[in-house]
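**Q** Got a sequence here, can you build the structure:
(one chain, ligands or ions: 1)
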Amino acid sequence: MPELPEVETVCSALSKIVYNSKIEDVDVLRSDLRWKIKKSLKNDLENDYFKKPFRRGKYILIPTIKDNIFLIHLGMSGQIKIRNNFESILKHDHLRVTIKSENDKTYFITYNDPRRFGYIDLFHKKEINEHFLLKKLGVEPFEKNFNIGYLQKIFDKKIKCIKDTLMDQSVIAGIGNIYASEILFKAKVNPYRSVKTLNNEEIKSIIGATIEILKKSINVGGTTLQNHLQPNGKLGYFFQNLEVYGKKNKTCNKCKCLISVSIISNRSTFYCNNCQI
Ligand SMILES: [Zn+2]
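**A** Sure thing, here's the model as predicted:
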């Protein structure tokens, strides 16, 4: 499932071509995604112009000249494909937007999503803080208000474990299952720890590890993406050098103990029981 670094990578790839582009054609091929795509999307978007895309949590937001915001959520398996040549519709292609870029080139942006857990929306920019998907989002990990004071206040009121709390989008926006495991390994904190038991030093380590791991992954995504036109047209999925996630039956790079795997809130959790206290 795409998390903050993957969404950021897609967002910067889109930035390179959609900025100041004219939306020439919108084809909704299948509207029943996680929520139904609005019937008005085609009419409201065609002939408008895209401005610079930005990311909020795991959402890609593209403002338009007509003061609307085009929202893309990749869900569990959503992918954005950018092509400069027309390609026939493939299985699981649900939306195609044809744009004419600033330098007069035609691009086809296709949303493909086998599991249909993603979503596409268009709303007026003044509704951004009230949008049902955006209004409850917590802090952005790269913003100043992601700090010890903020987390302490939340941790005082929560009884959940740190792994679940890191993945709670209303606390921090953008972290999912893969990066939660990686962050806690880096911070040397056991995923089962109740947030109430974490001291200042541990909270500080978690903040440091979060920023470092997410930034590093965005860089990996950025370098993988030498060109916004990937050979297969697909964006946002890149090979990560992970320390614990998916390392069942492998040993810890630090202490050589076997990596533990267990299920927390229905999600596989990978950690080193020796390094993470
Ligand atoms: Zn270890």
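
**Q** Touching the helix ranked longest in the chain from outside, list them.
**A** Ranked by residue count under DSSP state H, the longest helix found in the chain is helix 200-224. With CB atoms under 8 Å, 6 or more residues apart in numbering as the test, helix 200-224 has contacts from 4-6, 8-9, 12, 141-142, 146-148, 151-152, 155, 162, 166, 172, 174-175, 179, 182-184, 186-189, 198, 236, 238-241. Backbone N, C-alpha and C define where each C-beta goes, glycine included.

**Q** Buried ones among these?
**A** 4-6, 8-9, 12, 141, 146, 151, 155, 162, 166, 172, 174-175, 179, 182-184, 186-189, 198, 236, 240 (16 or more other CB atoms under 10 Å).

**Q** out of those, which touch the ion?
**A** Among these, no residue is within reach of the ion (CB under 5 Å from the ion).

**Q** Of those, which belong to strands?
**A** Judged by DSSP state E, strands contain none of the buried ones among the contacts of helix 200-224.

**Q** Let's see which of those end up in helices.
**A** Among the buried ones among the contacts of helix 200-224, DSSP H puts 4-6, 8-9, 12, 151, 155, 162, 166, 179, 182-184, 186-187 in helices.

**Q** can you pull the pLDDT of the residue of the stretch 1-150 of the chain found nearest the ion?
**A** Residue nearest to the ion within the stretch 1-150 of the chain: residue 3 (23.3 Å; CB to the ion). Here the pLDDT value assigned to residue 3 is 93.

**Q** wait, it sits on residue 57?
**A** No. With contact defined as CB atoms under 8 Å, residue 3 does not reach residue 57; the gap is 9.5 Å.

**Q** between the two, who's got more neighbours?
**A** The neighbour comparison of residue 3 against residue 57 (other CB atoms under 10 Å) goes to residue 57, with 23 against 20.

**Q** Could I get the contacting residues of the nearest residue to the more buried one once chain neighbours are set aside?
**A** Residue nearest to residue 57 in three dimensions, not counting chain neighbours: residue 173, with 3.2 Å by CB to CB, 6 or more residues apart in numbering. With contacts taken as CB under 8 Å, 6+ apart, residue 173 has the following neighbours: 4, 56, 57, 58, 137, 138, 139, 140, 141.

**Q** among these, which two are most distant?
**A** Greatest spacing in the contacts of residue 173, by CB to CB: 58 and 139 (14.1 Å).

**Q** Between the two, tell me which one has more neighbours.
**A** When neighbours are counted by other CB under 10 Å, residue 58 and residue 139 differ, and residue 58 comes out ahead with 24 against 19.

**Q** so residue 163 makes contact with residue 184?
**A** Yes. Counting by CB under 8 Å, residue 163 does reach residue 184; the two are 6.5 Å apart.

**Q** what's the overlap in contacts for these two?
**A** Shared contacts of residue 163 and residue 184, defined by CB under 8 Å, 6+ apart, are found at residue 191.
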